[in-house]
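J.: sharing a sequence plus its predicted fold:
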Amino acid sequence: MYPVQGKNLINGQWTETKSTFQSLNPANSKEIIGTLPISGEAEVNQAVAAAKKAFHTWRDMSWVKRAEYIDNFAQLLKRDMEQLSELVTKECGKPINEGKADVVEALHMAQYMAGLGRMPTGFVISSEIAAKDAFILRKPKGVVACISPWNFPIAIPLWLVLPSVVAGNTVVFKPSEETPICGHRLAELFVEAGFPAGVINVIHGNGKEAGDPLVKHKDVNTVLFTGSRAVGKYIQQIAANEMYKFVATEMGGKNATIILADADIDIAVNAALLGGFKTSGQRCVSSSRMIVDKKIEPEFTKRFVEKVKQIHIGDGLKPETFMGPLINQKGVEKWKLHNQKAREEGAEILVEGKELTEGEHANGNFVSPFVYRMPHKAGSFVLREEAFSPHVAIIPVDGLEHAVEVYNDTDYGLALAVITEDYRNWRWVRDHAEFGLGYVNLPSIGAEVHLPFGGVKGSGNGHPGAEGIIDAVTHRVAWTVNHAHEIVLAQGLSTKV
Ligand code: UN1
C-alpha cells in the first residue's frame, strides 16, 4: 500500500514532473508514505488555466446539481473512513482516534455542503417602488486557490474546497508538502465522485515554488489559506496589490484556558490537558497558556502536573498513545527554542520536557511535554508567541479582569476556554476577550464545521473558514427587476429627460 506514487491532477489528468519529493512518517522517518511531483510555475499555470476553463460550465449548473457531486464524495469518505484515518495518523503523526476525527470532520463538511446546495442562496427584498422586486444573491467569484496545512490534512482542505465548488467556483488546491498523500487521496476521491475535469485541480510542491506563483496568478480571484502567520501576512500583502484579489487567512493563535477561582477543578484539569496536549499541541487552537486565579493555582498546578507526567507518547497507531510525534525536526527545534526562551525569561520549570530518541522513539520526532509557571510579563516572547508543540505556561492572575487582560496581551486572537461555574463570569470574558472561538467549561479545541472557524488580530483577517468561508467565495450581488410598463426610480429621482 505504501509508498504511494502521488501525482498532480490537472484538467482531469494525472501528471508528473521531472523532480519529486518524499513524504515521511513523522513517527518513523524510515517509512516513506509517498513520492510526489515538485511543481512550479508551469504546473500552476496549467492548473489555473484548467480551472478557468471549467468555471464557465460549472457555474452554469444549479447549486443542487453541484451539491450532488459533493454527496457522491461524502459516500466515498464513509466507505474509506478506516484507511483514510490510518493514512492521517501515518502521515501527520496524530493518534488514530484523532486521525479518525479528522476524517469525520471532513465528512461533516461534505454533508453540510451537500445540504447547502438546497438552501437559499440569497434574499428577496422589497423595493421602494411597489412594481420592483429586489434580490440579493450569491454569485461565484471564479478560480479559488486553496492552500491547506498538515495538522488537519483531510478536514481543512474540505473546509476550503467544498464551499468553493458548491457555490460554483473552480479550484486549484495545494496540499501541505508535509501531508501530500492525504491531498493526493482526496484528489483520487474527487475524480471518483465524478467532478468534471478542471473543477478541482491539485498540485503538489512547496510554498516558494508552487504556492507563490499560485497566489500571484492573475486569474486566481480568491486565496483561501490556513497556516502560519508569516505566510498568511505575505499572502495578504500580495493580494493588497490587486483590486480584485481577495484572501481569507486563518493563522494560528496563542490560545489560553482561563481558570477562574470558582472553577470545577476536575473540569479545569481535564480541559487544560486536552487543550494543551491533544495533537501534541499542534492545533491552531491548542492552549499554550493556562491563566489561573491565584486562589486555586497551587491545587490546579499540582493536579495538572501529576496528569501531564502520565501522558503516553508514542506511535499514533498504538491504542495507548495520547501524544504522537511532532510533524518534523523544524517543529522540534521550535519547541526547544520556546523552552529555552522560557528559561531565559525566568520561568519556574515544573515538567522538564525531553526529546525522546531511544527505543520505540528512535526514528521519530518525539518530545515530551514542557510545563512551567511564570508570572505575566509585558513583552515576554514565550508568553506571546505560538509554540505549536507541547509547551504550556501556567500564569497566576488576580481575578477575572486580570485574567482577561493577560489573555489579550498577545498579537493573536483565535481561541479561548473559560472554566467557571458563574454565568456572569463567562459573559464578561465573552464580551472583553479578543477571540474567534470561545468555550465555557470545555477545552479550547473541538470546533464543529457548521460554526465559523477563525480569529481576530494576528489570527485572521475576519474571514473564518468552515461555515464562514461561503462569504469569501461568493459576491453578494444586488438584482432589481421592474414589473411596470414605465420606469420609476428610487429616492424620488426624476425620470424626465
Ligand atoms: C486547527 O486547530 O488547526 O477545533 C484546526 C478543532 C478542530 C479543528 C482544528 N475541529 O480543534
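T.: Perfect, thanks for sending it. A quick note: this is a predicted structure, and the numbers were derived from the prediction, not measured.

J.: residue ranges of each domain in this structure, please.
T.: Domain ranges of the chain: 4-251+460-479, 255-440, per automatic domain parsing.

J.: so which of the ones you listed is nearest the ligand?
T.: Closest of these to the ligand is domain 255-440, at 3.4 Å (criterion: Cβ to the nearest ligand atom). Just so you know, the C-beta spots here come from the backbone N, C-alpha and C atoms, and that holds for glycine as well.

J.: pLDDT (mean, whole number) over that closest one?
T.: If you average the pLDDT over domain 255-440, you get 98.

J.: can you give me how far that domain is from the chain middle?
T.: Distance of domain 255-440 from the chain centroid (Cα atoms, centre = their mean, to the nearest Å) equals 19 Å.

J.: hmm, that domain touching the ligand?
T.: Yes - for domain 255-440, a contact with the ligand is found by Cβ under 6 Å from any ligand atom, at 283-285.

J.: JSON lines for the domains of the chain, including mean neighbour count?
T.: Formatted as JSON lines, those follow (neighbours: other Cβ atoms under 10 Å):
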{"stretch": "domain 4-251+460-479", "mean neighbour count": "21"}
{"stretch": "domain 255-440", "mean neighbour count": "20"}
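
J.: got the ones you listed as JSON lines, with distance to residue 487 columns?
T.: Listed next are the domains of the chain as JSON lines, based on distance: least, Cβ to Cβ, whole Å:
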{"stretch": "domain 4-251+460-479", "distance to residue 487": "9"}
{"stretch": "domain 255-440", "distance to residue 487": "46"}
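
J.: that older thread, now, which of the residues of domain 255-440 next to the ligand sits nearest residue 3?
T.: Residue 3 lies nearest to residue 283 out of the residues of domain 255-440 next to the ligand, by Cβ to Cβ, at 27.4 Å.

J.: tell me the spacing between that closest one and residue 146.
T.: In this view, residue 283 and residue 146 are 19 Å apart by Cβ to Cβ, to the nearest Å.

J.: re the thing from before, can you tell me which of the residues of domain 255-440 next to the ligand end up in strands?
T.: The members of the residues of domain 255-440 next to the ligand all map outside strands under DSSP state E.

J.: ranges for the helices of the protein?
T.: Assigned by DSSP state H, the chain shows helices spanning 41-58, 63-79, 81-92, 96-116, 155-166, 180-192, 212-216, 229-240, 265-277, 297-308, 329-344, 399-408, 423-432.

J.: got the ones you listed as JSON lines, with distance to residue 362 columns?
T.: As requested, those are exported to JSON lines (distance: least, Cβ to Cβ, whole Å):
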{"stretch": "helix 41-58", "distance to residue 362": "37"}
{"stretch": "helix 63-79", "distance to residue 362": "35"}
{"stretch": "helix 81-92", "distance to residue 362": "17"}
{"stretch": "helix 96-116", "distance to residue 362": "21"}
{"stretch": "helix 155-166", "distance to residue 362": "31"}
{"stretch": "helix 180-192", "distance to residue 362": "23"}
{"stretch": "helix 212-216", "distance to residue 362": "36"}
{"stretch": "helix 229-240", "distance to residue 362": "32"}
{"stretch": "helix 265-277", "distance to residue 362": "22"}
{"stretch": "helix 297-308", "distance to residue 362": "23"}
{"stretch": "helix 329-344", "distance to residue 362": "14"}
{"stretch": "helix 399-408", "distance to residue 362": "39"}
{"stretch": "helix 423-432", "distance to residue 362": "44"}
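
J.: closest to residue 254 out of those helices?
T.: Nearest to residue 254 among the helices of the chain is helix 399-408 (9.3 Å), distances taken as Cβ to Cβ.

J.: that older thread, closest one to residue 31 among the helices of the chain?
T.: Of all the helices of the chain, helix 81-92 sits nearest to residue 31, with 7.4 Å by Cβ to Cβ.

J.: what's the closest one packed up against?
T.: Helices and strands touching helix 81-92, by 3 or more Cβ pairs under 8 Å, 6 or more residues apart in numbering; DSSP states H and E, are strand 20-25, strand 28-37, helix 96-116, helix 180-192.

J.: got a markdown table for the ones you listed, with distance to the ligand and mean pLDDT too?
T.: As requested, the helices and strands packed on helix 81-92 are exported to a markdown table (distance: least, Cβ to the nearest ligand atom, whole Å; pLDDT from 0 to 100):
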| stretch | distance to the ligand | mean pLDDT |
| --- | --- | --- |
| strand 20-25 | 19 | 98 |
| strand 28-37 | 20 | 97 |
| helix 96-116 | 6 | 98 |
| helix 180-192 | 14 | 98 |
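
J.: so how far is residue 204 from residue 369?
T.: Distance of residue 369 to residue 204, computed by Cβ to Cβ: 33 Å.

J.: could you do residue 187 as well?
T.: 9 Å.

J.: likewise for residue 65?
T.: 30 Å.

J.: also residue 291?
T.: From residue 291 across to residue 204, the span is 41 Å (Cβ to Cβ).

J.: swap in residue 170?
T.: 18 Å.

J.: tell me the confidence at residue 464?
T.: pLDDT for residue 464: 88.

J.: contacts only, for the closest residue to it other than its chain neighbours.
T.: Nearest non-adjacent residue to residue 464, counting by Cβ to Cβ, 6 or more residues apart in numbering: residue 454, 2.8 Å away. Residues counted as contacts of residue 454 (Cβ atoms under 8 Å, 6 or more residues apart in numbering) are 248, 250, 414, 436, 460, 462-465, 468.

J.: ok, residue 398 touching residue 294?
T.: Yes - at 6.1 Å, residue 398 and residue 294 qualify as touching, with contact defined as Cβ atoms under 8 Å.

J.: quick one: contacts for residue 437?
T.: Per Cβ under 8 Å, 6+ apart, neighbours of residue 437: 285, 414-416, 444, 447, 451, 453, 455.

J.: same thing but 6 Å
T.: For residue 437, the contact set (Cβ atoms under 6 Å, 6 or more residues apart in numbering) comprises 415, 447.

J.: for residue 110, give me its contacts.
T.: Going by Cβ under 6 Å, 6+ apart, residue 110 touches 70, 73-74.

J.: as TSV, these with pLDDT and distance to residue 199 would be great.
T.: Shown next, in TSV, are those (pLDDT from 0 to 100; distance: Cβ to Cβ, whole Å):
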residue	pLDDT	distance to residue 199
70	98	11
73	98	12
74	98	16
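
J.: ok, these vs residue 197, which is closest?
T.: Checking these against residue 197 by Cβ to Cβ gives residue 73 as the nearest, at 15.6 Å.

J.: and that closest one, what does it touch?
T.: By Cβ under 6 Å, 6+ apart, the contact set of residue 73 is 110, 193.

J.: please repeat the previous calculation with a cut-off of 7 Å.
T.: For residue 73, the contact set (Cβ atoms under 7 Å, 6 or more residues apart in numbering) comprises 110, 189-190, 193.

J.: and residue 255, what are its bridge partners?
T.: Counting by DSSP bridges, residue 255 is bridged to residue 287.

J.: residue 32 against residue 3, yeah?
T.: Yes - at 4.3 Å, residue 32 counts as touching residue 3 under the criterion of Cβ atoms under 7 Å.

J.: now residue 69, nearest residue through space, not along the chain?
T.: residue 195 (5.2 Å).

J.: actually residue 421, not the one I typed
T.: Nearest to residue 421 is residue 262, by Cβ to Cβ, 6+ apart, at 4.9 Å.
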